[in-house]
Each structure stands twice: as C-alpha cells, then as structure tokens.
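Visitor: dropping a prediction and its sequence here:
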Amino acid sequence: MSGSSSSSPGTLASLPLHAQAEGIRRGDFSAAALLDDCLQRIRLGAVVGAFLHVGDDAARATADAIDARRAKGEPLGPLAGVPIALKDSLCTVDAPTTAGSRMLEGYRPAYDATVVEQLRQAGAVLIGKTNLDEFGMGSSTEHSAYHRTLNPWDFARVPGGSSGGSAAAVAARMCAAALGSDTGGSVRQPAAFTGVVGVKPTYGRVSRYGLVAYASSLDQVGSLASDVRGAARLLQVVAGHDPRDASTQPLAVHDWEGGLHEGVRGLRVGVLREWLDAVHDPALAERLHRGLDALADAGAVLEDVRWPEAEHAVATYYVIAPAEASANLARFDGLRFGLAGEGRTLRERVEDARSRGFGEEVKRRILTGSFVLSAGYRDAYYGAAQRVRAQLRHTARDLLARHDLLYGPVTPAPAFELGAHTGDALSMYHADLFTLPASLAGLPAGSVPLGTIHGESPASEPLGWSLPAAAQLIGRDWDEGTLLRALLVLEEAFPPIAAPLEQQLKLKNVR
Amino acid sequence: MRVDDTLMCQLEHLSALRLSEAQRPALMADLQRIVDLAGSLQELAPPPADEPELPRDQALRDDEPRPGLSRDQALAAATHHDAEAFLVPKMLP
C-alpha cells in the first residue's frame, strides 16, 4: 500500500468519496494515509474554524482497524476508511457533543446517534465534530458559542448555517463528506454558500435519534459532499426506519447511487419563476437560468409554476420553529441537562443556568416560542401558522402531482459578508426564504453547485474571489432517487469547483 | 400586538430566562418585529378545520421494556453523582 508520502499533501483528501472508498478497497492507499492527509488539511485550514473537535485518536484506531480488515480480506462497508465529519449536534460516545452551546460544554453523551451507529457499521472514520450555530439556530455559523466559521472561498464571508462547519470542512477538502441537519435550510444553504452538494431527505427518511432537537416537526439529518455521488452514498447509508424515532417510516431505501445516471429525459420540472425573479444577484440569476438550460438540454420538460404560500414561509417558520424550540429546550435546566446554575431556590438555579448557558439568538427564539404558545395568543399565532403550513403543504403536493421536481434558487444571493446580518435578526431570517418551504412541506430537497460567479469579471474587487453559485431542486415525498439524478445532471453541466483555501491563507498572511 | 415591559417580563418568566438590562431593549425590539411578521399570518390562514390535520403516520413500536443505559453509563453523564445516584441541589429547607 502506498502512504500519503507518495502523493502531494491534500491529494487523497481532495478525492471524491467514492474514489476514496474504492482506493482503499483496491489497496491504492491505506485508510491511515487518507486520514493523515485529511488531518493535514484540517491543520492547514485551522483558521477556517470548521471543527469544534477533531477525533485524532479514535479516528486513527478506526482507520487502522479498516486497514487490518482489508489485509485479512474481510468484507468492507460502503464507507470503509472514508473520513466523515459530523455536525456537533449529533451524539457521539467517544467525542464531546456541544450543539455549539455553552449549555452543553463538556457534555459527553452516553450513546451514539443512530446515524453515527450506521456510519460506524459502514466503516466510516469519524474525523471530528463540526461547528454550528447554537442548537442549529442560525444561517451563518456566527452564532456558535465557541467561534465563528469562515467561508473557505473568501475568509471575509460566512459559510452559511447552521451546518456551516460541515460545509466548510467539505469545501476545504478536509473530508469528502459530512453529516449536517436541516430544519429550515441548514444543509442546503451552507452547501450553496461553499460550493458543495447538500441534500435534505424527506421528513421521516433518516432517524433523528441522538440529534439534539431544535424543532421536531422539521429537523432532518442530511448529507453534504464534494459531489452528488458522495452525497447519495452517505444518505443511503443513514436512511431507513429506526424504532427509536417514530417519525421514520418502514420504507425501502433504494440504490440511489446506482440509479444516478438514469438522467432526466421526460421528467417534468416545475420552475418556480417568482423565486428566480426574486434573486438579487444578477450573476447568480444568470447562472440559475443556465441551470434550467442544462435540464432542458438533458430532456427535462420545463413549465413555470407558482407556489403562492411559499411567500409566507418565513413568517410561518419563525412561529412554528421557535414554538417547538421553546418546548425542546425546556430540558436544559441545569439539573437534567446543561450547565449547573447557582441560586437559593430551584427557580433561581434554573434561570441562572439558562441565562448563562444560552446565547442571544437562542434566547430570542425561546422568548418568541413562549409568546406564540402562551394562553390568549396560541390560536392567533401558532394556530394560524399551522394552518398556513398545512395549506403550503397541500399546494406543494398538488404541484408535485403534476411535476416530478421543482426548480429554484437556494438563496437570493451568494455568501454574505461576516457580520452583515448579526445586528438584524429579521434580515437573517428573510435570507432563508427559498429553503423554508421544502422544510415546512417535509419534502426532499437538494442544493448543487452551478460553477462560480463574480471572480471571472475583470471589474471584480482586487480582493474579491469568485464565489459558488447553486440551484435547488425539490422532490416528491420519498423520491430522493429522482432528486439525486437531477442534481447529477446539473452537477455535470458545470465545471467542477473547489474552494481556493491556499490562496485565502496566503491572502490572510498578507493582510 | 405591542410588546411592552410587562409582556417581556411575563415571557422571561415563562421561558425561565433572566435578561440583562443591556440585552432587554434589543430583544424587545426584535420580538416586536417578529410578532408583527407573525401577525400577518392571521389574515392569510384559512379558518380552522373541524378535524385538525394529523401529523404523518408514526411507526410506533410495541410498548415493551427494552435494555437501556447501565447505571454506570448514566452516572458517567451526570455532573454530580455518588456511586448510586445523581446528586442535585437541596431545594427544600
């Protein structure tokens, strides 16, 4: 077996997931060598702040075990030896789980999340826990209690959120794939901002057992990867019924990876024209239209559609999600879970723990949730939001009875600058406009890069780097297969992209 | 709906949170904007149905005891414990 010494640093880490797995299986390189290469990338890009915890020793033990199994000729799982990063809201017995909050600082769960068990069974090397907005509440990874994460494409910009650490790690090729969670867009939006693929499955497709809960009617675990094939394989490994999560359905998980090349010929794609018209950035809008051309060239039948209730998704989501968050986060009282509080009475201790343990965005959402659920206001706010949500879901299913997929943007503009929205919570909320509808409807949806924009322009700022553009596809309930194969058509229509980490590091040194 | 000091104090109590004087004005202003935004739904929402929409089917398992954490595993996750039990602050005089 060759080691990392036979290839230049980052070569193995930059391979897509399937190539890493096949390389190990064939003996082209060892799992240990691949892990070393990924750890080297993590150290090189430490300033990005993608990780909260790097699982050096545990990861090495797994990699060595995979190499030993291969040497003995034992069967290997679909992710054998492949380093995978985990959003730090997924419980792991061998690493701290903080959910990006001071409330859980030092917490080490007594059990693995189901998806973590599934990854271990598939042979994955769990390389570390990635940064996130506290409890998944945010769209920029600036609301982590520990540090913010930078976008590897431009250190002056956010990587999106809340799975910003997972997206940045994949974009910087510290690993080929990572798990995140998507409540209102937290996989798709950071994937779009960092030029990677992000897929949120149908609600109920993947177990949330061991995922620190934010909003239980919306939370889904999703995959991020450097290519569609990697996202498909990772999702396939973690999908399926789990008796410990009653929302998961006992449905067959098909071979999504094997069906990726079936194309989109004859598929009916509903184009969310109003969403495309609302994109602020002209270069992104132009790229989204080229994405449509790519689908049409591949044989898809395009038709403009309207989803009127989607316009109210922000208001609907920011009632329902905080309501559920206020209930879910009640367990963090410093006694059952979380930072120990001080005080003379039980009430004082609980208030002290929560006031010191939660950050400002979490407090904002808990207060909002308490308001919309309180006596006298519940029907007017929470009840109304639930009814709008039901209508939104109904329209989506009507649209998807006539179309196989819906097409639109992920975000109205490329990655925004650090601090651009931190003083204005609502402007941050409105940036989720295009990801919230699929979450509220429980539909599978994915983000895929459409190349880069801005950087090619001679008029770009001297320090302005190119930024990724992305499109979103939304699929029918339980039909992740069609979604993934259409994402592949879009991926193949544009040149592959990779974040210029080394250039950004040089630029930072110059600064 | 106006978010005033009285409502804010009630929400802090319901949420088991104590806001600092420095935090309260900004959070109040944000909450007012969120409440205004949420209020827009009241005109849009269809009237309540006679039968509320049920959540998706849930695949419930049989209600049977299953192996759980061992005592040692559970105690290892506690901030304070002795050999047998979690230790929590004394609350009754």
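Guide: Yes, it's here.

Visitor: how many residues are close by the closest residue to A:Ala177 other than its chain neighbours?
Guide: Computed as CB to CB, 6 or more residues apart in numbering or on different chains, the closest residue to A:Ala177 that is not its neighbour in sequence is A:Ala225, at 3.9 Å. (Each C-beta comes from the backbone N, C-alpha and C, glycine too.) For A:Ala225, the count of nearby residues is 27 (other CB atoms under 10 Å in any protein chain shown).

Visitor: what ranges do the helices span in chain B?
Guide: For chain B, the helices defined by DSSP state H cover B:5-15, B:24-39, B:41-44, B:71-76.

Visitor: check contacts around the residue positioned nearest the centre of chain B.
Guide: Nearest to the mean C-alpha position of chain B, by CA atoms, centre = their mean, lies B:Ser15 at 7.2 Å. B:Ser15 sits next to A:Ser326, A:Arg354, A:Lys363, A:Ile366, A:Leu367, A:Gly369, A:Ser370 when contact means CB atoms under 8 Å, 6 or more residues apart in numbering or on different chains.

Visitor: hang on, the earlier thing: need the helices of chain B in CSV with mean pLDDT, can you?
Guide: Output for the helices of chain B, formatted as CSV (pLDDT from 0 to 100):
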stretch, mean pLDDT
helix B:5-15, 96
helix B:24-39, 95
helix B:41-44, 90
helix B:71-76, 90
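
Visitor: possible to save the contacts of B:Ser15 as TSV with neighbour count and distance to chain B?
Guide: Listed next are these as TSV, based on neighbours: other CB atoms under 10 Å in any protein chain shown; distance: CB to the nearest CB, whole Å:
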residue	neighbour count	distance to chain B
A:Ser326	24	7
A:Arg354	25	5
A:Lys363	21	6
A:Ile366	29	5
A:Leu367	24	5
A:Gly369	28	8
A:Ser370	23	4
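
Visitor: what two of these are the furthest from one another?
Guide: A:Arg354 and A:Gly369 (13.3 Å; CB to CB).

Visitor: max-length helix in chain A?
Guide: helix A:384-402.

Visitor: dump that one to PDB, restricted to CA.
Guide: Extracted C-alpha coordinates of helix A:384-402, given in PDB (Å, rounded to 0.1, in the frame of the first residue of the first chain):
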ATOM      1  CA  ALA A 384     -52.600  30.400  12.200                       C
ATOM      2  CA  ALA A 385     -49.100  29.400  11.300                       C
ATOM      3  CA  GLN A 386     -50.000  25.700  11.400                       C
ATOM      4  CA  ARG A 387     -53.000  26.300   9.100                       C
ATOM      5  CA  VAL A 388     -50.800  28.300   6.600                       C
ATOM      6  CA  ARG A 389     -48.300  25.400   6.800                       C
ATOM      7  CA  ALA A 390     -51.000  22.900   6.000                       C
ATOM      8  CA  GLN A 391     -52.100  24.900   3.000                       C
ATOM      9  CA  LEU A 392     -48.500  25.300   1.900                       C
ATOM     10  CA  ARG A 393     -48.000  21.500   2.100                       C
ATOM     11  CA  HIS A 394     -51.300  20.900   0.200                       C
ATOM     12  CA  THR A 395     -50.200  23.200  -2.700                       C
ATOM     13  CA  ALA A 396     -46.800  21.600  -2.800                       C
ATOM     14  CA  ARG A 397     -48.300  18.100  -3.200                       C
ATOM     15  CA  ASP A 398     -50.600  19.400  -5.900                       C
ATOM     16  CA  LEU A 399     -47.700  20.800  -7.800                       C
ATOM     17  CA  LEU A 400     -45.700  17.600  -7.400                       C
ATOM     18  CA  ALA A 401     -48.700  15.500  -8.500                       C
ATOM     19  CA  ARG A 402     -48.100  17.200 -11.900                       C
END
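
Visitor: and it with helix B:24-39, angle?
Guide: 50 degrees (axes from the mean of the first three to the mean of the last three CA atoms, to 10 degrees).

Visitor: so who does A:Ala445 touch?
Guide: A:Arg188, A:Val199, A:Lys200, A:Thr435, A:Ala438, A:Ser439, A:Gln472, A:Leu473, A:Ile474, A:Gly475, A:Leu483 are the contacts of A:Ala445 under CB under 8 Å, 6+ apart.

Visitor: same question for the longest helix of chain A, mean pLDDT?
Guide: Averaged across helix A:384-402, pLDDT comes to 96.

Visitor: one more: stretch A:179-195?
Guide: Stretch A:179-195 comes out at a mean pLDDT of 98.
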